[in-house]
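Student: build the 3D model from these lines:
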Amino acid sequence: MAKEITTQIKLQAPGGQATPAPPIGPALGQHGVNIGQFVSQFNERTREMNGTIVPVVITVYSDRSFSFEVKSPPAAVLLKQAAEVAKGSGTPNKEKVGKVTAAQVRRIAETKAKDLNAYDLDKAEKIIRGTARSMGIEVVD
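Tutor: Presented below is the predicted three-dimensional model:
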């Protein structure tokens, strides 16, 4: 018989460096999940992402066991890394904070493809370009 799902929790945590501190501890604690066990499993599975913010969807079952799925990092985080900037622009239509190449945008689209709402890579690339534009990052060819 399949386990009964109690809830799903969506969090963002640094890959390979998660701790029981907020937001992870309180979110899991209120559902009775073993926080230490989750943190060790999450850090083990995301070790190669070292510090990059990673979304995770945790499914909690009625017997307080859990399973989790690690998603790809947000497009904004990947764009900031590629452009080597700390944060996006406050006024992206006037003030540009960095530049990325079309090849970098393509690589980010390939990384995000399974999590984006796009049928092919060209459409995924268009979504990433839109995110870059809203952050004040120019895409140069």
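Student: centre-most residue in this protein?
Tutor: By CA atoms, centre = their mean, the chain has its centre lying nearest to P73, at 2.9 Å.
Student: OK, contacts around that one?
Tutor: 15, 49, 52-55, 111 (CB atoms under 8 Å, 6 or more residues apart in numbering). Glycine gets a C-beta too; all of them are placed from N, C-alpha and C.
Student: who wins for neighbours among these?
Tutor: Neighbour counts for the contacts of P73 peak at V54, which has 22 neighbours (criterion: other CB atoms under 10 Å).
Student: whichever strand or helix holds it - contacts with which helices or strands?
Tutor: In this structure, V54 sits in strand 53-61 according to DSSP states H and E. With contacts taken as 3 or more CB pairs under 8 Å, 6 or more residues apart in numbering; DSSP states H and E, strand 53-61 sits against strand 5-14, strand 66-70.
Student: list the buried residues for the first one?
Tutor: The neighbour-count check on strand 5-14 (16 or more other CB atoms under 10 Å) flags 6, 9, 11, 13-14 as buried.
Student: that strand pairs with which strands, and in what direction?
Tutor: The pairing partners recorded for strand 5-14 under DSSP bridges are strand 53-61 (antiparallel).
Student: got the angle between the partner strand and strand 66-70?
Tutor: With axes from the mean of the first three to the mean of the last three CA atoms, to 10 degrees as the basis, strand 53-61 and strand 66-70 are set at 150 degrees to each other.
Student: strand 53-61: how far from the chain's middle?
Tutor: 11 Å (CA atoms, centre = their mean, to the nearest Å).
Student: cool, stretch 19-39 as well?
Tutor: 18 Å.
Student: which outside residues touch it?
Tutor: Applying CB under 8 Å, 6+ apart, the set of residues contacting stretch 19-39 is 6-7, 9, 11-13, 18, 58, 60, 64, 66, 68.
Student: counting neighbours, what do you get for K3?
Tutor: K3: 12 neighbours (other CB under 10 Å).
Student: distance of it from S67?
Tutor: 9 Å (CB to CB, to the nearest Å).
Student: try K94
Tutor: 46 Å.
Student: domains in this structure, by residue range?
Tutor: Structural domains assigned to the chain are 5-70, 75-140, following automatic domain parsing.
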